[in-house]
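Enquirer: missing the sequence, but the structure's below:
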């Protein structure tokens, strides 16, 4: 598995145009302006994409769209109706070849809106397309999983954005007291695991934007990714990683049961307010306990993630009981992301390196010392996104931690407002970090600089 350029997601906009065309065709007469406009957009994007290739092939594996061998998690979650329309009609693969005519595109859109029984009577989707004289669009049944020899590719940005999409939907479902659709969470987690196993640094760079609070979707997604990073270091198997990532993604779901004014209050909490806020683990466990499979583990983690290693914290647990390993992992990564994101009122977020020191001070009391030490080693004393001043006086941004020396990461020097020279401080002992710098004090947007690094 390897990351791919962002351009592939632009290609995947074909899914959005196809879904829109099918939606309007099912709602309005064929000559309706909306239908005609959607049809024109679809024809135009297909024509554009086929100018430099012979065919475009989309496949569906485990409820996820793939473009050839590239997983499309964000596009899958944003085009759920199209995914369902395909699977309901036993379409797991569709390929559009160069030379396709507008009338053939119309025929394929017609397939997606025909009643399932009509498709079955016609002999299946391939036979239906044949009856419509569609020769440049082929279909095949769904597969349960990608072929073993397929090198799956995932674009980190698509995986990250998929997390925001699914977290927003889960929160909305919880607010409306609807059953949570955890299948969509699996789409995000499958993609995130692929990216984490290949290159954890790509996701750490995407997480550098700290302009959010601990009640946001960003916090849920970042906590899930950080938990997966620890899980891979512990050697957890795929389903264990899915359970851990799922638990971290919804660890704060209980906050939807709290008053909006409480979560967004800028001033200090009263004792009564704090007691109400401290009930969110109980609310979360109640929301998740009705779920099967991974949801039951998630309910336990939601309940325990603020219980300290020494038994303190909240809510109270039976004497001598110990939080689950997943709860102890989430406790560490939840604290780190909360400390480094925007804080309420006049509180400023801690810089990443300050948060690492704070966590280090809590090992053995607030945090499991083994999990905490693993996290500190994995992230480094100066995590990705830290702004530092080198011994030479130059400012630099940490772009990758060192596997051997927690205090000597890989940095990129800032010159004329842009990232320039890359220095591996573990290899180049002539340079060192003098001290960390608050980006606010020097008016530097670290997240913007890291987006340059990823480009």
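Expert: That came through fine. Bear in mind that the values here come from a model prediction, so they are computed numbers and not experimental data.

Enquirer: low pLDDT regions in the stretch 1-150 of the chain?
Expert: 1-10, 147-149 (pLDDT under 70).

Enquirer: redo that, cut-off 90
Expert: Applying pLDDT under 90 to the stretch 1-150 of the chain flags the ranges 1-13, 49, 51-52, 62-63, 67-70, 142-150.

Enquirer: now the strands for it?
Expert: 55-61, 64-67, 70-71, 93-97, 137-140 (DSSP state E, counting those that start in this stretch).

Enquirer: helices or strands next to the third one in the packing?
Expert: What it means is strand 70-71. If you count contacts as 3 or more Cβ pairs under 8 Å, 6 or more residues apart in numbering; DSSP states H and E, strand 70-71 packs onto strand 153-154, helix 182-198. Bear in mind the C-beta positions are built from the backbone N, C-alpha and C, glycine included.

Enquirer: Direction included, what does that strand pair up with?
Expert: Using DSSP bridges, the strands paired with strand 70-71 are strand 64-67 (antiparallel), strand 153-154 (parallel).

Enquirer: Turn the helices and strands packed on strand 70-71 into TSV, including mean neighbour count and distance to residue 432.
Expert: What follows is the helices and strands packed on strand 70-71, written out as TSV (neighbours: other Cβ atoms under 10 Å; distance: least, Cβ to Cβ, whole Å):
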stretch	mean neighbour count	distance to residue 432
strand 153-154	24	36
helix 182-198	23	30
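
Enquirer: Go through the ones you listed and find the least confident stretch.
Expert: Of all the helices and strands packed on strand 70-71, strand 153-154 carries the lowest average pLDDT, namely a mean of 88.

Enquirer: what does the model give the closest residue to residue 208 other than its chain neighbours for pLDDT?
Expert: Nearest residue to residue 208 in three dimensions, chain neighbours excluded: residue 385, at 3.7 Å (Cβ to Cβ, 6 or more residues apart in numbering). pLDDT, residue 385: 89.

Enquirer: ok, residue 385 touching residue 206?
Expert: No: counting by Cβ atoms under 8 Å, residue 385 stays clear of residue 206, with 10.0 Å between them.

Enquirer: Break the protein down into its domains, please.
Expert: By the record's domain assignment, the chain is partitioned as 7-140, 155-379, 387-454 (automatic domain parsing).

Enquirer: SS state for the residue nearest to residue 208?
Expert: Following DSSP: H, G, I helix; E, B strand; the rest coil, residue 385 is assigned to coil.

Enquirer: measure it to residue 438 for me?
Expert: 13 Å (Cβ to Cβ, to the nearest Å).

Enquirer: quick one: which of those two has more around it?
Expert: residue 385 (24 against 13; other Cβ atoms under 10 Å).

Enquirer: For the more buried one, give me its contacts.
Expert: For residue 385, the contact set (Cβ atoms under 8 Å, 6 or more residues apart in numbering) comprises 204-205, 207-208, 352, 397-398, 446-447, 450.

Enquirer: What about the residues you listed, which are in helices?
Expert: Among the contacts of residue 385, the members falling in helices (DSSP state H) are 204-205, 352, 446-447, 450.

Enquirer: can I get the contacts of residue 385 in CSV with neighbour count and distance to residue 373?
Expert: Listed next are those as CSV, based on neighbours: other Cβ atoms under 10 Å; distance: Cβ to Cβ, whole Å:
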residue, neighbour count, distance to residue 373
204, 26, 19
205, 23, 24
207, 21, 21
208, 24, 24
352, 25, 17
397, 27, 25
398, 30, 20
446, 21, 26
447, 16, 28
450, 23, 26
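
Enquirer: could you dump the residues you listed to JSON lines with pLDDT and distance to residue 247?
Expert: Shown next, in JSON lines, are these (pLDDT from 0 to 100; distance: Cβ to Cβ, whole Å):
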{"residue": "204", "pLDDT": "85", "distance to residue 247": "20"}
{"residue": "205", "pLDDT": "81", "distance to residue 247": "24"}
{"residue": "207", "pLDDT": "82", "distance to residue 247": "18"}
{"residue": "208", "pLDDT": "73", "distance to residue 247": "24"}
{"residue": "352", "pLDDT": "88", "distance to residue 247": "24"}
{"residue": "397", "pLDDT": "93", "distance to residue 247": "31"}
{"residue": "398", "pLDDT": "93", "distance to residue 247": "28"}
{"residue": "446", "pLDDT": "85", "distance to residue 247": "29"}
{"residue": "447", "pLDDT": "81", "distance to residue 247": "27"}
{"residue": "450", "pLDDT": "80", "distance to residue 247": "28"}
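
Enquirer: I'd like to know which of these is nearest to residue 97.
Expert: residue 205 (37.9 Å; Cβ to Cβ).

Enquirer: hang on, the earlier thing: can you lay out the helices and strands packed on strand 70-71 as CSV showing distance to residue 233?
Expert: Below are the helices and strands packed on strand 70-71 laid out as CSV (distance: least, Cβ to Cβ, whole Å):
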stretch, distance to residue 233
strand 153-154, 20
helix 182-198, 10
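
Enquirer: To residue 249, which of the strands of the stretch 1-150 of the chain lies closest?
Expert: Among the strands of the stretch 1-150 of the chain, strand 64-67 comes nearest to residue 249, with 16.6 Å by Cβ to Cβ.

Enquirer: And the host helix or strand of residue 262, how far out from the chain middle?
Expert: Counting by DSSP states H and E, the element that carries residue 262 is helix 260-263. Computed by Cα atoms, centre = their mean, to the nearest Å, the separation of helix 260-263 from the middle of its chain amounts to 25 Å.

Enquirer: Same check on stretch 217-230?
Expert: On Cα atoms, centre = their mean, the centre of stretch 217-230 falls 8 Å from the chain's centre.

Enquirer: Tell me which of the strands of the stretch 1-150 of the chain lies nearest to residue 321.
Expert: When the strands of the stretch 1-150 of the chain are compared by Cβ to Cβ, strand 64-67 sits nearest residue 321, at 38.1 Å.

Enquirer: what's next to that closest one, contact-wise?
Expert: 8, 11-12, 15, 56-60, 71-73, 75-76, 79, 83, 146, 152, 187, 190-191.

Enquirer: let's go with 6 Å and repeat that
Expert: Residues from elsewhere that reach strand 64-67 (Cβ atoms under 6 Å, 6 or more residues apart in numbering): 12, 58-59, 72, 75-76, 187.
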